[in-house]
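[1] Sequence and computational prediction follow.
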Protein chains: 4
Amino acid sequence: MKQKIRMGMVGGGAGAFIGEVHRRAARLCGDIELVAGVFGTNYEKSKEVAEGLFVPQSRVYPTYEDMVKGELALPENKRIDFVSVVTPNKMHFPVSNAFLKAGFNVLCEKPMTYTTKEATELKKTLKESGKLFALMHNYSGYPMIKQAKRLVADGVLGKLCKINVEYSLGWLASPNAGKQAVWRVDPKIAGISGCMGDIGTHAEQLINYVTGLKITEISCDLATFVEGRQLDDDGTVLLRFNNGARGVIFASEVSTGEENNFILKIYGTKAALEWHQQSPEDLIVRSNDAPMQVYRRGWAGTCDEAKAVINLPAGHPEGFLEAFASIYRAFADDIYALKAGKKPAGNYPGIQDGIDEMKFLAALVENSNGDKKWTKLK
Amino acid sequence: MKQKIRMGMVGGGAGAFIGEVHRRAARLCGDIELVAGVFGTNYEKSKEVAEGLFVPQSRVYPTYEDMVKGELALPENKRIDFVSVVTPNKMHFPVSNAFLKAGFNVLCEKPMTYTTKEATELKKTLKESGKLFALMHNYSGYPMIKQAKRLVADGVLGKLCKINVEYSLGWLASPNAGKQAVWRVDPKIAGISGCMGDIGTHAEQLINYVTGLKITEISCDLATFVEGRQLDDDGTVLLRFNNGARGVIFASEVSTGEENNFILKIYGTKAALEWHQQSPEDLIVRSNDAPMQVYRRGWAGTCDEAKAVINLPAGHPEGFLEAFASIYRAFADDIYALKAGKKPAGNYPGIQDGIDEMKFLAALVENSNGDKKWTKLK
Amino acid sequence: MKQKIRMGMVGGGAGAFIGEVHRRAARLCGDIELVAGVFGTNYEKSKEVAEGLFVPQSRVYPTYEDMVKGELALPENKRIDFVSVVTPNKMHFPVSNAFLKAGFNVLCEKPMTYTTKEATELKKTLKESGKLFALMHNYSGYPMIKQAKRLVADGVLGKLCKINVEYSLGWLASPNAGKQAVWRVDPKIAGISGCMGDIGTHAEQLINYVTGLKITEISCDLATFVEGRQLDDDGTVLLRFNNGARGVIFASEVSTGEENNFILKIYGTKAALEWHQQSPEDLIVRSNDAPMQVYRRGWAGTCDEAKAVINLPAGHPEGFLEAFASIYRAFADDIYALKAGKKPAGNYPGIQDGIDEMKFLAALVENSNGDKKWTKLK
Amino acid sequence: MKQKIRMGMVGGGAGAFIGEVHRRAARLCGDIELVAGVFGTNYEKSKEVAEGLFVPQSRVYPTYEDMVKGELALPENKRIDFVSVVTPNKMHFPVSNAFLKAGFNVLCEKPMTYTTKEATELKKTLKESGKLFALMHNYSGYPMIKQAKRLVADGVLGKLCKINVEYSLGWLASPNAGKQAVWRVDPKIAGISGCMGDIGTHAEQLINYVTGLKITEISCDLATFVEGRQLDDDGTVLLRFNNGARGVIFASEVSTGEENNFILKIYGTKAALEWHQQSPEDLIVRSNDAPMQVYRRGWAGTCDEAKAVINLPAGHPEGFLEAFASIYRAFADDIYALKAGKKPAGNYPGIQDGIDEMKFLAALVENSNGDKKWTKLK
């Protein structure tokens, strides 16, 4: 009989946002069971969280190092199949690296690491481990994003020329935006960038996912609007791509009144795409030669890659959670494949996305601090 | 330590739509475990379905009667806490009735029964059982519907005058609309009405849920557009309410090109509401005295009742599944309450919604077949 | 050298709404000149209005009878080519009838007459006159309505099944809605119906214009929500059409918060159309077999009939005025044709639309007052 | 008795786009009469155009210099009150300058001149002339733009932080985009910039109009996507403002499928505004503290400045033409004022807008050609 996938978690304690999203996404899959974890740095609180999650107290560990040891000590058919790393950025690398080295599959939140150097090192570890690694860029899990990728791949847009991405939130417009906000604007935990690390990386990754294009050079203006903040909370980036296309990302966490307004517009010589994360069921296609089309998730015209991540018929709105869960689904399928000695499909963001995003951030910070117009991504 | 709620299911075999939605909604709660069931009328196929769902083969039963017996034979801390009835309409009553009589809590799909008489009988059984009964009208689980209900209750709209509801789908426009369609247009399984039983009841229930108004009389024109079909696949209903308000429901399953287009517009003397199920995160409020307002799920202005069913921050789209799951959440909370000897809160549609919807259907069919303009709901 | 068309006006004094719209629409044509009129019942005020409009005082008349006489007394190359009748409903017939009898072309506001009998009489007068008559149903002047008509005519929708029309305004929700409102709710001036006469007729006419279908019978619920009002200010009408299609019009002038929310949805066996007067540049086409399409005024896919009434490129919004003016344009072109001895094209609503709308109103009032379900249009 | 304003025109011959818009806008005012002109460089064709416009052949001139002379030779109560200059860019300065020098009021299309130097010279001429000068930046004529300006001025947004403007068209995506396109991409006629001169200037002007902020420095990436084209057809500009705010303009005429997609988003510390030219009746206001608001043209909440340029009630869509006409209205009012010896109000874009836009273009071209990140506007 088929066995459930056993999942562990590092991070996601009381008050955390993204950890609970990971757990709900995993639950939705139906065959992933959370069985172990370190739910925050305070061991007592972590055990309380575990109780609410039906995780046995014996599998709650004081530290991630203890968890690695403890799980390794269990028989193979009991120990976790993978760990979800949902800590603040600073800890992504040490935790992911330790679990990979110990032979566990890892699914990690973005941005992948705290420094570019760590990203390179993690790639090395991964290669040596022979294990699986997923980077949680959840937006690439949306069906209409799969549809967009398919339309681009099919040449519907022609040669790509211009890519305009907006990602605006208002939640950090005030200096006191709650617990979630504190570490995100602290360079000792978040890394070299605030806003760009948090959401600019989503923009960069999604462009690459949908188009296959790589950014070759950037010019930018990073800003910090809230006084006393040490990292950027806003920025605009001019983009040049490896095929000659150009573009812009403007991202902000101080755009008063905006919720999670992530918009992708891609223009080619033949047609163009528009997608709004806040209305994720629509994919708009425009051209100069035909009436506007709106692909709707699950309706006529939906491609196979999109269908594969759809659970409800058209008109029964799916959202953020299902997109998130589709990454878990694909990762869990690869774990089954690996166990069965089959080749994993790798249908989720991974190590290269992480390396790219760290190089992107490094280029942004270098450019924004200097007088030189263009900075190449190394 | 807290125990998971044990769930059973009758219906939801291979090819079923709504059964899987129920299971996903239950999963999302995190503390509901599917442990037993009858997944269709074919026992062998049912066992296969069970395997995919990690339900032990020992808890898969040939018939619902067997399931009642089998579960009763188990020790109390093993047997199911409730059963989800997700069969075609015809079986809603016998299954629900049997489980209630045997002392199990029941969550049942709409419409509640096959006949009005059964509805009354079920009410009696429920009363005698002392158990819990929920009727799955999932749309009342949406946060912005809770918000609408709150605004009406707070008098923001003034006295209610006019209620216009549209519910259009196109999936039955063709005579052959797949397995899901077959029983829905068969009077021997679906009941006295097709379209109105399937979606008109959602409209009727949602109006009542949001406004508290009861329909007192109706006039209608039910239609069957696809040749050979024995039940209505389309209809329009004029409504009169107990406070003097009027309204209209126009529902159709042959509205080519429509997905699940359920729109609610409520007008009062002071203000009006508009909500679209396909864009469920918005609640539009209009008046003659102020600019239009759009309440967004989870953003400023969200009321407590809505917040209570929200899991993601504003701008991270929630949808159909979360609304569905919120009914499961409320029902599971009441099961915990009942076990703990506390008073259940009853925050979900129940027996009265079922009785109302059956009377509504009876009145529609009577009116549509006659020459009299108005038919009172008895 | 080409001569401008000379226009007269009866009605449209100070405080009037629609008269000024007629004048602006006429102006936009560029070849229509307002040269005479009776701008209200008060002669002194009428002369003041005329001065602001550059109409010579010698051509301002105390009454419409004086105007008929006065204009007839002028040499043919001076006298008006047509008169616009923009008075309250009660006067539509006597004024239009008098001018037609005197040999003038007439463009009249809707509803065409005060009674059904007058409508029939006007038809007779028109026939005898050999002159031109236009009825101002401005919504049929929108380019995307022309596009809708074309798509229906081309069979894109297949056989038409269902037509749902909403027309909601909130301006009469309060008992005191200003000067415009007074006569509209006074049966001595407006006629047998308030809301249905004012806007229900637009709905009825637009359905007929786009689809070519005729309403054969109706059932309705007319309501008066504002106390003391003598005419309906709200109503819902079930429709049956000559091809077997069904439909509904729900119209209201007490829908708090609504501006001029006129929505047309037409469903056929193959595809469906949706158009919103408040976003008139879009025409949505849906089917079960293809992604949604949005035709945009002036963009690719625009048909010739729509192009013929377009003045600005796509994306440069046109609106109510241009639609209105397109009726004036077509009427003026026919006046030129008539002068040149050519056959008029008749590309605008006319006498038959007026007769239909008066029969529609009569059936509504009869049905709403009785117990019989269906009333045939005679 | 009040006299009509006499208007002349230079440009706007057969096949021209914007000349006809000017004429229709003027007509709409009701008190402006086109009486003279040079409708293109071909005198014969110009006379034909004039005939269609009811302009007497005696007032059609072979050249603008002839027109200046000819009109000056007429008695003051016959000669034109102002001239509209609607030629390609290259001729804006010589024509405007000549008419101003001769004592005529001038309304000129944007961009104001061909070079920055001409802009400065025109300012000098204007000052010496004592006449009126309007620059046709029509988008500032929209009512909801007036509303936006008012909300900013009232401090509703708090301190302005970020301004994001998109202006995308697809019409030049193909190398052969018709007659309109030819001169717009020819540096000998259009000036130093193509796309930025044509639409980037609208963006720059509208930002300044609504916010009162001035751009202090820019960094940009101008692009030419269509091979062989000598001017930019696309570009993105990073903006820094005199109050510390930042922003971005991305404008393109090769964005396949886009019509005239001009979007303005302004973020302040307290609230934010969003306006789409293609849906000009809505002004969206967002904040972190209240539900989203949508101001609708003419509905509750409309400010006096917006009301002053409104002609139709809310829900009766106004568009591009009315916005355009509102500039003509304000200019005509000032001509009456000037004639009456009163102080002109200057409620329209003028000489300073023109100087600003020319400096903006100069900075863009300098920056785009260099390696320096930021270029100051001089």
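    Yep, it's here. Residues are numbered from 1 along each chain as shown, chains lettered A, B, ... in the order given.
[2] report the longest helix in chain A, please.
    Ranked by residue count and defined by DSSP state H, the top helix of chain A is helix A:320-339.
[3] That helix packs against which elements?
    On a contact count with 3 or more CB pairs under 8 Å, 6 or more residues apart in numbering or on different chains; DSSP states H and E, helix A:320-339 meets strand A:5-11, helix A:18-29, strand A:105-109, strand A:133-136, helix A:143-153, helix B:320-339. (C-beta placed from N, C-alpha, C; glycine too.)
[4] domain ranges for chain A?
    Domain segmentation of chain A under automatic domain parsing yields A:5-131, A:141-312+A:357-368.
[5] closest to chain C out of these?
    For chain C, the closest of the domains of chain A is domain A:141-312+A:357-368, at 4.1 Å, according to CB to the nearest CB.
[6] returning to what we had before: adding mean neighbour count as columns, could you present the helices and strands packed on helix A:320-339 in JSON lines?
    What follows is those, written out as JSON lines (neighbours: other CB atoms under 10 Å in any protein chain shown):
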{"stretch": "strand A:5-11", "mean neighbour count": "26"}
{"stretch": "helix A:18-29", "mean neighbour count": "22"}
{"stretch": "strand A:105-109", "mean neighbour count": "26"}
{"stretch": "strand A:133-136", "mean neighbour count": "26"}
{"stretch": "helix A:143-153", "mean neighbour count": "23"}
{"stretch": "helix B:320-339", "mean neighbour count": "22"}
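[7] Three-state assignment for the closest residue to A:Trp171 other than its chain neighbours, please.
    Leaving aside its chain neighbours, A:Trp171 sits nearest to A:Ala177 (5.4 Å; criterion: CB to CB, 6 or more residues apart in numbering or on different chains). Here A:Ala177 is recorded as coil under DSSP: H, G, I helix; E, B strand; the rest coil.
[8] Which other helices and strands does the next helix or strand after the longest helix of chain A contact?
    Where DSSP states H and E defines the elements, the next helix or strand beyond helix A:320-339 is helix A:351-368. Contacts defined by 3+ CB pairs under 8 Å, 6+ apart place helix A:351-368 against helix A:116-129, strand A:133-136, helix A:201-211, strand A:215-223, strand A:234-241, strand A:375-376.
[9] Can I get the ones you listed in a markdown table including mean pLDDT?
    Shown next, in a markdown table, are the helices and strands packed on helix A:351-368 (pLDDT from 0 to 100):
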| stretch | mean pLDDT |
| --- | --- |
| helix A:116-129 | 98 |
| strand A:133-136 | 98 |
| helix A:201-211 | 98 |
| strand A:215-223 | 98 |
| strand A:234-241 | 98 |
| strand A:375-376 | 98 |
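[10] Put together TSV for these, with distance to chain C on each row.
    Converted to TSV, the helices and strands packed on helix A:351-368 look like this (distance: least, CB to the nearest CB, whole Å):
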stretch	distance to chain C
helix A:116-129	39
strand A:133-136	30
helix A:201-211	18
strand A:215-223	29
strand A:234-241	25
strand A:375-376	36
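[11] Could you measure from the residue nearest the centre of chain A over to B:Ser84?
    Closest residue to the average C-alpha location of chain A: A:His137 at 1.8 Å, with CA atoms, centre = their mean. Between A:His137 and B:Ser84 the distance is 35 Å, computed by CB to CB, to the nearest Å.
[12] try A:Val309
    If you measure A:Val309 against B:Ser84 using CB to CB, the figure is 25 Å.
[13] Between those two, point out the one with more neighbours.
    More crowded of A:Val309 and B:Ser84, by other CB atoms under 10 Å in any protein chain shown: B:Ser84, with 30 against 21.
[14] Beta-bridge partners for that one, please?
    Note on B:Ser84: beta-bridge partners by DSSP bridges are B:Met9, B:Leu107.
[15] packing partners for the least confident helix or strand in chain A by mean pLDDT?
    With mean pLDDT, DSSP states H and E as the measure, the helix or strand of chain A carrying the lowest mean pLDDT is helix A:179-184 (a mean of 82). Packing partners of helix A:179-184 (3+ CB pairs under 8 Å, 6+ apart): helix A:187-190.
[16] Can I get the helix it packs on in CSV, CA atoms only?
    This file holds the C-alpha atoms of helix A:187-190, laid out as CSV (Å, rounded to 0.1, in the frame of the first residue of the first chain):
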residue,chain,number,x,y,z
PRO,A,187,20.1,43.4,7.4
LYS,A,188,21.5,41.0,10.0
ILE,A,189,18.6,38.6,9.3
ALA,A,190,17.2,39.4,5.9
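[17] closest one to B:Thr120 among the domains of chain A?
    Across these, B:Thr120 has its closest neighbour in domain A:141-312+A:357-368 (33.8 Å, CB to CB).
[18] What is the distance between that closest one and the centre of its chain?
    Distance of domain A:141-312+A:357-368 from the chain centroid (CA atoms, centre = their mean, to the nearest Å) equals 12 Å.
[19] Could you pull up the residues touching A:Leu53?
    Counting by CB atoms under 8 Å, 6 or more residues apart in numbering or on different chains, A:Leu53 makes contact with A:Arg23, A:Leu34, A:Gly37, A:Phe39, B:Gly30.
[20] again, only using 7 Å
    A:Arg23, A:Leu34 (CB atoms under 7 Å, 6 or more residues apart in numbering or on different chains).
[21] correct me, but A:Ala363 touches A:Ile218?
    Yes. Contact criterion CB atoms under 7 Å: A:Ala363 and A:Ile218 qualify, at 5.4 Å.
[22] Now for these two: what residues contact both?
    A:Thr375, A:Leu377.
[23] Pretty sure A:Lys265 sits against A:Asn164.
    Yes. Using CB under 7 Å, A:Lys265 is in contact with A:Asn164, at 4.5 Å.
[24] For the host helix or strand of A:Gln293, which outside residues touch it?
    Assigned by DSSP H and E, A:Gln293 belongs to strand A:292-296. For strand A:292-296, contacts defined as CB under 7 Å, 6+ apart pick out A:144, A:147, A:281-286, A:301-302, A:314, B:259, C:291-294, C:296.
[25] for the closest residue to A:Glu259 other than its chain neighbours, what are its contacts?
    Nearest residue to A:Glu259, sequence neighbours excluded (CB to CB, 6+ apart): B:Gly315, at 2.6 Å. Contact analysis of B:Gly315 by CB under 7 Å, 6+ apart lists A:Glu259, A:Asn260, A:Asn261, A:Gln278.
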